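Q: Predicted model, plus sequence, below.
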Amino acid sequence: MDGEADPIIFRAYNGDDLPFLHDSWGSSYYKGSSAHKLLPPSEFHQFHRPIRERFFAKPNTCVIICADAKDPWHIIAWIAIEQIPSGLILQYLYVKSAYKGQGIAKQLIKRALPTQPVFYTHLTDRAARIMSKKHEQFLSFKMVPHLV
């Protein structure tokens, strides 16, 4: 990526994307939170995989994929949200390491979370740093881990 970002597109997810979504959500959350200090990977995934499976089985959920415009199957990032009566739940947002810091997460948030309030269920160490640094942008975001 020679200084200029490659063109990207946004699309809905489909069944072919599920293996990548499960794997990236599980592994990035495990590595990006304190879970890796407290649990071996097998124990973490034993309880977290059913959480992800429940999310993908619900009718009121949405995943927006950010992909390479030249290859829509090359997933760069994604956001998983759920509609509830009192607002939207941001279940997880994932950006591949090579694309972090390019504003992709911000674009996904704008597309997926146009209304307030926004609840979120998962928090990585990186997300906590960003939210702390850009506190004003996240005033309407409320952590509700019990809504997974």
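A: Nice, thanks for sending it over.

Q: Only the buried residues of the strand ranked longest in the chain, if you could.
A: Ranked by residue count and defined by DSSP state E, the top strand of the chain is strand 71-84. Of the residues in strand 71-84, 75-82 count as buried by neighbour count, 16 or more other Cβ atoms under 10 Å. Yep, even glycine has a C-beta here, placed from its N, CA and C like the rest.

Q: With distance to residue 101 and pLDDT as added columns, please give those in CSV.
A: Output for these, formatted as CSV (distance: Cβ to Cβ, whole Å; pLDDT from 0 to 100):
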residue, distance to residue 101, pLDDT
75, 18, 97
76, 13, 97
77, 12, 98
78, 17, 97
79, 17, 97
80, 21, 96
81, 22, 95
82, 27, 93
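
Q: any idea which of these is closest to residue 61?
A: residue 82 (4.8 Å; Cβ to Cβ).

Q: residue contacts, residue 108?
A: 10, 64, 66, 77-79, 93 (Cβ atoms under 8 Å, 6 or more residues apart in numbering).

Q: Tell me the secondary structure at it.
A: Three-state call for residue 108 (DSSP: H, G, I helix; E, B strand; the rest coil): helix.

Q: Quickly note the distance from it to residue 31.
A: 20 Å (Cβ to Cβ, to the nearest Å).

Q: For beta bridges, what are the partners of the residue nearest to residue 91 when sequence neighbours are not counted?
A: Among residues not flanking residue 91 along the chain, residue 80 sits closest, at 4.3 Å (Cβ to Cβ, 6 or more residues apart in numbering). Applying DSSP bridges to residue 80 gives these bridge partners: residue 63, residue 92.

Q: Surely residue 80 and residue 89 touch.
A: No. If you go by Cβ atoms under 8 Å, residue 80 and residue 89 don't touch, sitting 9.0 Å apart.

Q: by contact count, what packs against the helix ranked longest in the chain?
A: Counting residues, the longest helix found in the chain (DSSP state H) is helix 41-57. In this structure, helix 41-57 packs against helix 18-32, with contacts taken as 3 or more Cβ pairs under 8 Å, 6 or more residues apart in numbering; DSSP states H and E.
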